[in-house]
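Student: after the sequence you'll find the predicted model.
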Amino acid sequence: MPVICNPVALRPAVRLASLLCCGSILAGIPAIAQAQQATPDPAAQGAPAPVPAPAPSSNTIRTITVVGAERLEPTTILSYIRLRVGQEYTAVAADEAIKDLSATELFANYSIRNDNGNVVITVVENPVINRIVLEGNERLKPDKILPEIKLSPRQIFTRSKVRADVSRIIELYKRQGRFAAKVEPKLVQLPQNRVDIVFEISEGPKSKVRQINILGNEKFSDGALRGEMVTKQARLTSFFSSNTSYDPDRLAFDQQKLRQFYLTEGYADFRVVSAVAELTPDQKDFIITYVVEEGERYTFGDVKVDSQLRDFDSDVMSTQLPMKDGDFYNAKTVEDTVEQLTELAGRYGYAFADVQPRFNRDPDNRKMNVTFILREAPRVYVERVDINGNTLTQDKVVRREFRLAEGDAFNSLGVQRTTARINSLGYFQENFEVKQTEGSAPDRIILEANVEERPTGELQFSAGFSSIEQFILAGSIRQRNFRGRGQTIGLSVNYSQFSRSAQISFSDPYIFDRNISGGIDIYRRDFNSFNFTGNNRNTTFEQATTGFSMRAGVPLTEYMSLVGSYTLNYENVSLDENLFFSDIDGDGTRECDPLRAGRFLCDAIGTRLSSIVGLSLNYNSLNSRIRPTRGRTVSLSAEFAGLGGDVRYTRFRGRAQQFWNVANTGFIFSVLAEGGTIIPLQERPGAGVDDVLLTDRFFLGEPQFRGFAIRGVGPRILTQTSQLDAFNRPLLDADGNILFFTERRQVRDDAIGGRNYYLGRAELEIPLGSGARELGLRPSIWTDIGALWGVETPVLTVNPGGTQLRNADGELLFSTPPVGGTCGSQQRVPTTSPTQPDGSPNCREIQGGTNIRELFLGNSPSPRITAGIGVNWNSPFGPFRIDFAQTIRKVEGDDERRFTFNVGTQF
């Protein structure tokens, strides 16, 4: 009969029932075999053999039950394991199932029990995360930490993920230089098997680099080598530096910087033996120690070019190399030479030219022989131009900026120019570059423009304050890539206390898909001119201009273009009659009073029509129109007013600017020079009346000329008033002369402009650390030089006694001028209107009331010079510019301004 293994009948001390059962069965096999041998075979006796009934086994899985499941379905849990009904239950199978449950990380506890083939799986599910809480984090805000950790609300809690997130948070603090940071995770049990995970963070102090030690250096001092490193020692003077914290990546970079420095000084055998960073005993700071071997200093030996390109002569090119035999070896010079040779080969069409320097070191003579090998390569032609990624911008807008077309011989300068032109469009990502890939043949190349479009429509509302315009409000809407055609259309409105304008503009760089640019502006501009009496700004005249301007341009070369323009303006210049008009003749007719407004203002009022034709020649090789770092721009323009209208003059202007990236260090140096002159083509009657209207002249000052107030440079009239006693009578000095106020804040200052000007500027933009760059800070040092002059000297009788303006009651006082005679002893000749129409003196009394005198100053081409420092800041509330200026040289009458700023915001 069959042997049945009953695990229940086995000794309870032994829990491996299945293995013992199997052992009993195996042990019983020989006995069964002997019994079969002893029993006669029924078939041999002619009777049918009986069929034995199958015996049930407790190792066969009959049912599988899941106990403890709350959120998960039992069928889902069973799908994670490999136990199935009908299989044999073994310890190995049970262990595999346990491992499968563990791998899910869904359960806090789990077990498997076999009860006579009824397998029971008992689980305790991990809780669900309700929320993640950060405590103690002050230096790193939650928006910096939470994106880095993997746990999140509504996920299943697992201890392994918590440990991993603790490591990630600590790593974040290490990147900040806080190596003493600690994170303690805690669980807060909630109903319904939920938990809150609380990360208690102890940030600790920021680990600084207390000391940098260098051992083995003899040729260069520790200070010189520390200066080459990015990492700096923590000192009081380095309070604002972000490089004083310890960073392992920066440590490796500093080793490379040391090697580069020594290689540029000729020490070709230099190496860093070791670099060790040790925490101080207080666990707060690091001490870094470098051990170096300098080696011997090498000089260049035999330096030559071995060209395998047919267009390059090796001997000729060898003579043009920057390094010579006997010069100290410089690895940077070698790298620059490789780049220059590669660039030169690219200009001749060898896009894939391979330039390799081969070094032959002579340690005995400490010589470094260098051979620049230009390997053979075919001349390359452009197979095709691919443009990818432009969803709005039409292909032709990008393609027309390419300086190379299909079938053209490859030229690296053309690729560089193409990159600069596409970047200047402002339609795509910053730092766009044309990608070069091999074509279908070795002499073919594919140029790819992989662009990423960015928004080109602008809807802007801004508010700000400036030292010039006071409060400013502005709004504009503009589309710089209208319908994806590269056209610009815009509407803008600006309002401030002293100026208002509205303008509609349209421009197209390629009219009718031809290489002709064009545009039109229609505008209305209201401008209030002003003067200063001390710190008070007073409106003098109002100028309202309505007009339009059309322009069209054609390129002459890759960098040069010719632009023609036509402008039609209708201008109305007026004065406040209550302030500047009076009944001078006593006939009841109010007219502009020169004593109140000045003759130069009285001559400017009225309406006029200006018809102006202009022509300008422009050169532009800047690498970016937005923020250039290299290249130049030159503009020469001429305007003729007189093609109809009421005004006739010719105006010439010139402007040039150059940018350099100084030795690729990030220092941007720029110089600017500009100037202009206006020549009248009509004569205006009257002595001392300039033939160029006041509104057509040049003005110079802030913001073009830093260090001076707006219109603070050039010809001006200073009107001084007399000092009065308690009885409202002019005070006299010891000689009997009237005393006048002479301090700038007590004098009326009227700038009257000039016919000629020049302006020069030199500026060095200083790069800052990564922290300052992220804030958008760009400091600079600068110096300006310029002058404005050339206006006709107005008729002024500088009378030491002054001229009466008004009496004690505030009324203007007049006297009947003696016909053909002179003014009486108590009368003075006015400085601005000295004669009557019949030629007799225009006498005015001086007894009592305020007396005035006028000074004409500043009409000199002598250079004015200023210098200072400035900072551009892309602040969260808009662009900010601040300048501190020191006047080095000025002319009497110029109005200085030491401090200026402009700030605005967008929303």
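Tutor: Nice, I can see it.

Student: so how far is residue 108 from the residue nearest to residue 374 when sequence neighbours are not counted?
Tutor: Excluding the flanking residues, the one nearest residue 374 by C-beta to C-beta, 6 or more residues apart in numbering is residue 307, at 4.3 Å. Bear in mind the C-beta positions are built from the backbone N, C-alpha and C, glycine included. Residue 307 is 74 Å from residue 108, where distance means C-beta to C-beta, to the nearest Å.

Student: the more surrounded of the two?
Tutor: Between residue 307 and residue 108, residue 307 has the larger neighbour count (other C-beta atoms under 10 Å), namely 23 against 14.

Student: is the more buried one in contact with residue 376, as I believe?
Tutor: No. Taking contacts as C-beta atoms under 8 Å, residue 307 lies outside contact range of residue 376: 9.1 Å.

Student: got the buried residues for the longest strand seen in the chain?
Tutor: When the chain is parsed with DSSP state E, its longest strand is strand 536-555. For strand 536-555, the buried set under the neighbour-count rule, 16 or more other C-beta atoms under 10 Å, comprises 540-545, 547, 549, 551, 553.

Student: tell me the strands beside it, with direction?
Tutor: strand 517-533 (antiparallel), strand 560-575 (antiparallel) (DSSP bridges).

Student: of all these, which one is nearest residue 732?
Tutor: Distance to residue 732, taken as C-beta to C-beta, is lowest for strand 517-533 among the strands paired with strand 536-555, at 23.7 Å.

Student: still on that earlier bit, now the longest strand of the chain: mean pLDDT?
Tutor: Across strand 536-555, pLDDT averages out at 82.

Student: and residue 250, that one's in a helix?
Tutor: Yes. When classified by DSSP: H, G, I helix; E, B strand; the rest coil, residue 250 is found to be part of a helix.

Student: which of the buried residues of strand 536-555 lies closest to residue 712?
Tutor: Closest to residue 712 out of these is residue 540 (15.3 Å), distances taken as C-beta to C-beta.

Student: what is the neighbour count of residue 726?
Tutor: 5.

Student: what strand or helix carries it?
Tutor: Residue 726 belongs to no helix or strand when assigned by DSSP states H and E.

Student: just the pLDDT at it, thanks.
Tutor: Looking at residue 726, its pLDDT stands at 75.

Student: may I have the phi/psi pair for it?
Tutor: According to degrees, to the nearest 10, the main-chain angles of residue 726 amount to phi -70, psi -20.

Student: next up, the contacts around it.
Tutor: Counting by C-beta atoms under 8 Å, 6 or more residues apart in numbering, residue 726 makes contact with nothing.

Student: output the below-cut-off pLDDT ranges for the stretch 501-650 of the chain.
Tutor: 529-540, 584-586, 595, 598-599, 626 (pLDDT under 70).

Student: the stretch 701-850 of the chain too?
Tutor: 769-776, 795-850.

Student: what segments of it are helices?
Tutor: Taking DSSP state H, counting those that start in this stretch as the test, the helices found in the stretch 701-850 of the chain are 770-775.

Student: which residues in it form strands?
Tutor: Along the stretch 701-850 of the chain, counting by DSSP state E, counting those that start in this stretch, strands occupy 716-721, 748-751, 756-765, 777-789, 803-806, 827-828, 844-845, 850-857.

Student: tell me what the last one is packed against?
Tutor: Counting contacts by 3 or more C-beta pairs under 8 Å, 6 or more residues apart in numbering; DSSP states H and E, the secondary-structure elements packed against strand 850-857 are strand 716-721, strand 803-806.

Student: so which elements touch the strand or helix carrying residue 161?
Tutor: Per DSSP H and E: residue 161 is located in helix 159-175. Identification of packing neighbours for helix 159-175 by 3+ C-beta pairs under 8 Å, 6+ apart yields helix 142-145, strand 182-190, strand 194-202.

Student: okay, the ones you listed in CSV with mean neighbour count, distance to residue 328 and mean pLDDT next?
Tutor: Formatted as CSV, the helices and strands packed on helix 159-175 follow (neighbours: other C-beta atoms under 10 Å; distance: least, C-beta to C-beta, whole Å; pLDDT from 0 to 100):
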stretch, mean neighbour count, distance to residue 328, mean pLDDT
helix 142-145, 12, 48, 87
strand 182-190, 14, 51, 90
strand 194-202, 18, 53, 91
